[in-house]
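> Next input, structure requested:
(chains A and B)
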Amino acid sequence: MSRRNSVGDVSHEVVIYGLAALAILVLLGPVVVVLITSFTDSQSLKFPPQGFSLQWYEKLFDSSESRQIHRAAFNTLEVAFWAAGTAALLGTCAAIGISSTRSRWSRAADTLFMSPLILPGIAFGLAALMYFSLLGVRPSLKLIIVGHFVMIVPFVLRTTLASLTQLDHSLTECSASLGATRLYTFRRITLPVIFPGIAAGTFMAFMASVDNVPVSLFLSGPKSDMLPIRLWGMMESTLDVRVAAVSGVLIISVLVLMLVMERLTGLSQRIKG
Amino acid sequence: MTLKLSLQARGWQLMLPLALAFLAFFVAPLMILFVVSGFEDDKITQVGLKTWVSFVSDPFYWVVTGNTLKLGVLTVLATLLIGYPLAVVYMRASPNVQKILILIIIMPMLLSVVVRTFAWIVILGREGVINQTLLSLGLTSTPLRLLQTELGLIISLTQIELPLMVLPLISVMSQIDPSVHDASSALGASRWRTFFKVTVPLSLPGLIAGCTLVFASSTTAFISQSVIGGNRLVYLPLVVWQQSLVVYNWPLASVAAVTLLVSVMGCIILLNLVGRKSMRYLNV
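Sure thing, here's the model as predicted:
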């Protein structure tokens, strides 16, 4: 093995590992900084904080002072539950349909169902607002659920389609030739194989709904306040340090949920594809 | 034969519910968006191209559109610069390190965009981490202004969009046969040569997917753009929001939204065409 260019090789290693280290710092740094800031005892976002206290968490969990935040958080969870549930049901059906037919139409449908991932969300949010108000439907949580559902279907579809490719078709054929009904085959063979994929996709869809800004921005109102929109308002007007406490709660929840889902469904392998 | 036919019938029947839902709640609203952009007054009674004419003839909106696309391109380049090496290092790592790395990459993606944007206010602010460090090291005597600058916004968006770049890269790179790298170095190629002649061309599909996702996401990132960019930096999503929910001029908001949609999708289609062409050229 000839090593003609060892200076070049070393520079390659330094550059690659240096930039990768920077990437990890950039990914993790902000999360750590917010977590530490949420325990500050002062009124400002100075970092590092001079002293630590739980005052912002106390204010956040105070049911009278932070009533609106709690309301927005519960709305967000309710919407995410129904939107992700609907996406799981219709998305799984569609994924099975797409994988069983390899026609031009099913490929076109696949492209359509995946397009919310790259279509500018702001344009769709405005479109949904105008569509529903021209139809005369009043803004409500139901409309937000519908809007979120459309935007998060791709997450279910992608992971379910990926897990369907792992399904060995000789198994289902075998089951059919042994006289099992189609439903029985689905329940006993297909579903157990693709279930982790569905679960991982539904989890991603749920988190995407909790995180959704463009649809909530246009469809939420005084009675259907959503958490990201309320936090945005709190950041825009006065710098309310309770945002840091909410962030702290979200960071811990995401961390716990992610590790649980990793254990149950091998989440990271499924997101990676 | 009959079995195959019945399976196919089942296939489109299973797709039908989602297809109908998409027609009613996705395709139809987007068509309304195009229709409303063809009206002239904010009561939506007068059909005409006046809104489009006034939008296109106003240099301000050209600058805003250009800045929006530029923001997308710069964010793509920044995520590529640090995201690609991270993917390469991931591929070389041992399975246990890979597990930790992938969770580090996914975790910010699952965290709310609002939280990630807020984090950058804490970091980039006058009393933030960067200014505190620079002041204590004596590198600057007055706090730098990082919020409400394009640089600050690009730094924030780089972190926010980074997972969307790294995950498709890792996905494609895992399918590359590792022995091609050994073959390249055994034949005497330097690491840099192997990197540019073997690794990059083979990972092109992941590269295109990552660039597409980051570009699409950063150009429509309303919260980050408005909070970090402030009122000094105007991008198309802000125009859409202001015209629809503050000024209540739906036709103008629709024109801005259609412009965003068409220009972003145009860039993405162009990127994918060029990507596919170069893949054919490189025979991968």
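> Domains in chain A, by residue range?
A:1-36, A:65-272 (automatic domain parsing).
> so does the shortest one get close to chain B?
To tie it back to what came earlier, the one meant is domain A:1-36. Yes. Using Cβ under 8 Å from any Cβ of the partner chain, domain A:1-36 reaches chain B at A:1-2, A:4-5, A:8-9, A:11-13, A:15-20, A:22-24, A:26-31, A:33-34. (Glycine included, C-beta is placed from N, CA and C.)
> Tell me which of the domains of chain A lies nearest to B:Ala19.
Closest approach to B:Ala19 among the domains of chain A (Cβ to Cβ): domain A:65-272, 5.9 Å.
> okay, now B:Phe196: neighbour count?
Counted with other Cβ atoms under 10 Å in any protein chain shown, residues neighbouring B:Phe196 total 12.
> That one: what secondary structure?
When classified by DSSP: H, G, I helix; E, B strand; the rest coil, B:Phe196 comes out as helix.
> can you tell me how far it sits from A:Leu227?
Look at B:Phe196 and A:Leu227: by Cβ to Cβ, to the nearest Å, they are 45 Å apart.
> hang on, the earlier thing: can you tell me which of the residues of domain A:1-36 next to chain B are buried?
Buried members of the residues of domain A:1-36 next to chain B, scored by 16 or more other Cβ atoms under 10 Å in any protein chain shown, are A:5, A:9, A:12, A:16, A:19-20, A:23-24, A:26-27, A:30-31, A:33-34.
> want to try CSV for the residues you listed, with secondary structure, pLDDT and distance to B:Ser171 as columns?
What follows is those, written out as CSV (DSSP: H, G, I helix; E, B strand; the rest coil; pLDDT from 0 to 100; distance: Cβ to Cβ, whole Å):
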residue, secondary structure, pLDDT, distance to B:Ser171
A:Asn5, coil, 58, 31
A:Asp9, helix, 81, 27
A:His12, helix, 85, 23
A:Ile16, helix, 92, 19
A:Leu19, helix, 95, 20
A:Ala20, helix, 95, 17
A:Ala23, helix, 96, 17
A:Ile24, helix, 95, 19
A:Val26, helix, 93, 21
A:Leu27, helix, 94, 18
A:Pro30, helix, 93, 25
A:Val31, helix, 93, 23
A:Val33, helix, 92, 30
A:Val34, helix, 92, 29
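> and which of those residues is nearest to B:Val239?
Within these, the smallest distance to B:Val239 is 27.8 Å, found for A:Pro30 (Cβ to Cβ).
> Pretty sure that closest one sits against B:Ala119.
Yes. Under the criterion of Cβ atoms under 8 Å, A:Pro30 makes contact with B:Ala119 at 3.4 Å.
> show me the contacts for the residue most central in space within chain B.
Geometric centre of chain B, nearest residue: B:Val214, 2.3 Å, by Cα atoms, centre = their mean. The contact partners of B:Val214, by Cβ atoms under 8 Å, 6 or more residues apart in numbering or on different chains, come to B:Gly72, B:Thr75, B:Val76, B:Thr79, B:Glu161, B:Leu164, B:Met165.
> same thing but 10 Å
B:72-73, B:75-80, B:83, B:157-158, B:160-166, B:168 (Cβ atoms under 10 Å, 6 or more residues apart in numbering or on different chains).
> Equivalent analysis for B:Gln175, please.
B:Leu202, B:Ser203, B:Pro205, B:Gly206.
> Just give the number of residues close to residue 77.
By default, I'm working from chain A. Residues lying near A:Leu77 (other Cβ under 10 Å) number 14.
> Can you look at chain B instead?
B:Leu77 has 13 neighbouring residues, counting by other Cβ under 10 Å.
> ok, the closest residue to B:Gln243 other than its chain neighbours - contacts?
Of all residues not flanking B:Gln243 in the chain, B:Ala253 sits nearest, at 3.7 Å (Cβ to Cβ, 6 or more residues apart in numbering or on different chains). Each residue near B:Ala253 by Cβ under 10 Å, 6+ apart is listed here: A:122-123, A:126, A:129-130, A:218, B:33, B:36-37, B:42, B:51, B:239-247.
> Over to A:Ile189?
By Cβ under 10 Å, 6+ apart, A:Ile189 lies in contact with A:Leu167, A:Asp168, A:Leu171, A:Thr172, A:Cys174, A:Ser175, A:Ala176, A:Ala180.
> pretty sure the third one contacts A:Phe186?
By that I understand A:Leu171. No. Contact between A:Leu171 and A:Phe186 fails when scored by Cβ atoms under 10 Å: they sit 11.7 Å apart.
> sorry, back to before: which SSE is the residue nearest to the centre of chain B in?
Assigned by DSSP states H and E, B:Val214 belongs to helix B:204-219.
> helix or strand right after that helix?
Going down the chain from helix B:204-219, the next helix or strand is helix B:222-229, by DSSP H and E.
> Next, see if the next helix or strand after that following helix gets close to chain A.
The first helix or strand that comes after helix B:222-229 along the chain, using DSSP H and E, is helix B:236-241. Yes. Contact between helix B:236-241 and chain A, assessed by Cβ under 10 Å from any Cβ of the partner chain, occurs at B:Leu236, B:Pro237, B:Leu238, B:Val239, B:Val240, B:Trp241.
> Relative to chain A, which of these is nearest.
Within the residues of helix B:236-241 next to chain A, the smallest distance to chain A is 4.3 Å, found for B:Pro237 (Cβ to the nearest Cβ).
> how many other residues sit next to that closest one?
B:Pro237 has 29 neighbours, counted by other Cβ under 10 Å.
> which residues of chain A score low on pLDDT?
Across chain A, residues meeting the criterion (pLDDT under 70) sit at A:1-5, A:273.
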